[in-house]
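Chemist: mind folding the following:
(one chain, ligands or ions: 1)
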Amino acid sequence: MTSPKSDIPGPKAWPIFGNILLVSQFNSATNRVKFAEEMTKKYGPIFRMFLGPYQIVFVQGHKHVLDVLQKRGREFMNRPDFIPGIKLSRKAIGGSGIVFANGDDWKGRRRFSLQAMRDFGVGKTSLEEKILEEIQNIAEDLEKAKGAEITDVKTIMIKASCNVIHSLIFGYRYKHDNESLHKLIKTMDDIFSGPGPLTASGIFPILNFLMKDSVRVRVEGFSTIRKYIEKHINEHRESFDPENIRDFIDMYLEAEKDESERTSVLNPAGLFSTIIDLFAAGTDTTATTLDWSFLFMIQYPDVQKRCQEEITKVIGAGRMVRLSDRRGLTIHRGNFNGNTKTGQYSGFKIPKNTIIVPSLVSVHLDKTIWTDPTEFNPGRFLNQSNEIINKEYLIPFSLGPRICPGESLARSELFLIFSNLLQRFEFSKVDSSDMLSFEGITGITTTPSPYRLKADLR
Ligand code: HEM
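Modeler: Predicted coordinates for the structure are as follows:
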């Protein structure tokens, strides 16, 4: 049996298994950045590993990442739907949603979702009011602790981000102590916290038999979420009134009536899988970003103080911070794709069905762009006239055809939640000797290691 062949540099690959152990190490590494840096040192900014028979090409550094995502984005924009794990999860969901869709399905549902988010308020007062209502609830959760330690910042934030998507899709929100909200968040976590498709079990699904318990939890999670979403869709079908489009589901039902759209893109399976994707992509990401923000605020109280001084100067304490205040205030995450045709990049042949992993974080830590990139220094993004600089290299929402469609919504949530909480609360370590870790726990998103903080009313 022969080893897989490639002209892209990388570690020796074994017949059948390729570099399966190394890929598993990469997936579970607490510091993926360091792992990728070491591989880059050995093999260069474009290196490869084989996961079974599939070649994964890792792309590092601003020049190549921007090239792959943007300049040649259309060549590399397709998701690798040839991977068995992706095929299985599409089958389990009964559709490809947006995240794992390609071609017309992807284009149609992505365009529809962007339009729906615009129509239901992204960038408008109606959505702003929804986020402000969530902030009042977060503030109540923080106040309940009465200055005692809080260990679950992310749990508090996720209730807010989940509610925002929930109300966009289903037309209503939950109180933060509502059991149905807690169950929904837990079910999503059960479904999405397991191994992703770029793992040994994603390539050799037979291995799922070794992980019977986590597979069972996932299957049960899918069944729970399917019942939940279908119940809402059926209720919407029964009470549908074309003169009164209430939310994302109504808008989809209206669009589904169009013969050509219905048969191809906007069909019932598409609705269910798109809803799953919006929850999966829009809930944990936003909450995790906020979780990190507050960790940084308690480690760097001087930065927190500067933010608070600016909020006091521009807004004061008498009213909440609004989206329209963004201009006045200066304060203020990658994925994998596959190519479907044989191509060429940077002198290397990229065969059909190669998985491409451009690293966004390698752009954010690129020493040729940023001075001391691992130092926490929000000032690096501003020039002396307080104008944002190097914007083209700050790409947490990615770039190109697959750029995050929720960027505008996420930016509104992050800005409003962060600045309103800083206006009202002083965040600090519970004990000044608390040693905080900034290493993070790697999963679909990288979350902070557990930490505790205090929130005192200012
Ligand atoms: C801080 C919050 C967020 C961050 C950092 C973030 C980041 C990203 C990134 C890096 C991608 C991958 C782009 C690629 O594949 O190259 C992505 C895709 C996506 N995001 Fe977000 N996102 C956030 C919030 C949201 C929200 C709130 C929503 C929805 C309401 C959302 C919906 C999506 C969807 C549907 C995709 C898949 C797009 C596609 O495949 O065409 N995201 N996001």
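
Chemist: in the stretch 301-450 of the chain, what residue is nearest the ligand?
Modeler: Nearest to the ligand, among the residues of the stretch 301-450 of the chain, is Gly406, at 2.1 Å (C-beta to the nearest ligand atom). Just so you know, the C-beta spots here come from the backbone N, C-alpha and C atoms, and that holds for glycine as well.

Chemist: how near is the closest residue to that residue other than its chain neighbours to Lys107?
Modeler: Spatial nearest neighbour of Gly406, excluding adjacent residues (C-beta to C-beta, 6 or more residues apart in numbering): Gly282 at 4.9 Å. Distance, Gly282 to Lys107, using C-beta to C-beta, to the nearest Å: 19 Å.

Chemist: of the two, give the one with the bigger neighbour count.
Modeler: Between Gly282 and Lys107, Gly282 has the larger neighbour count (other C-beta atoms under 10 Å), namely 23 against 14.

Chemist: up against the ligand, what does this structure have?
Modeler: Counting by C-beta under 6 Å from any ligand atom, the chain comes close to the ligand at 98-99, 110, 165, 277-278, 281-282, 285-286, 289, 333-335, 396-398, 402, 404-406, 409-410.

Chemist: for the stretch 51-200 of the chain, just list every one of the helices.
Modeler: Using DSSP state H, counting those that start in this stretch, the helices of the stretch 51-200 of the chain run over 62-66, 84-93, 103-119, 125-144, 153-170, 179-192, 200-203.

Chemist: specify the angle between the fifth one and helix 103-119 in degrees.
Modeler: Between the direction of helix 153-170 and that of helix 103-119, the angle (axes from the mean of the first three to the mean of the last three C-alpha atoms, to 10 degrees) works out to 100 degrees.

Chemist: kindly export helix 153-170 (C-alpha atoms) in CSV.
Modeler: Written as CSV, here are the backbone C-alpha positions of helix 153-170 (Å, rounded to 0.1, in the frame of the first residue of the first chain):
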residue,chain,number,x,y,z
VAL,A,153,-20.2,34.9,32.4
LYS,A,154,-20.7,32.9,29.2
THR,A,155,-23.9,31.3,30.4
ILE,A,156,-25.3,34.7,31.2
MET,A,157,-24.3,36.1,27.8
ILE,A,158,-25.6,33.1,25.8
LYS,A,159,-29.1,33.6,27.2
ALA,A,160,-29.0,37.0,25.6
SER,A,161,-27.5,36.0,22.2
CYS,A,162,-29.8,33.0,22.0
ASN,A,163,-32.9,35.2,22.7
VAL,A,164,-31.9,37.6,20.0
ILE,A,165,-31.8,34.9,17.3
HIS,A,166,-34.9,33.2,18.9
SER,A,167,-36.9,36.4,18.6
LEU,A,168,-35.7,37.0,15.0
ILE,A,169,-36.7,33.5,14.0
PHE,A,170,-39.7,32.7,16.1
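
Chemist: can you pull the buried residues of that helix?
Modeler: Buried residues in helix 153-170, counting neighbours by 16 or more other C-beta atoms under 10 Å, are found at 153-154, 156-170.
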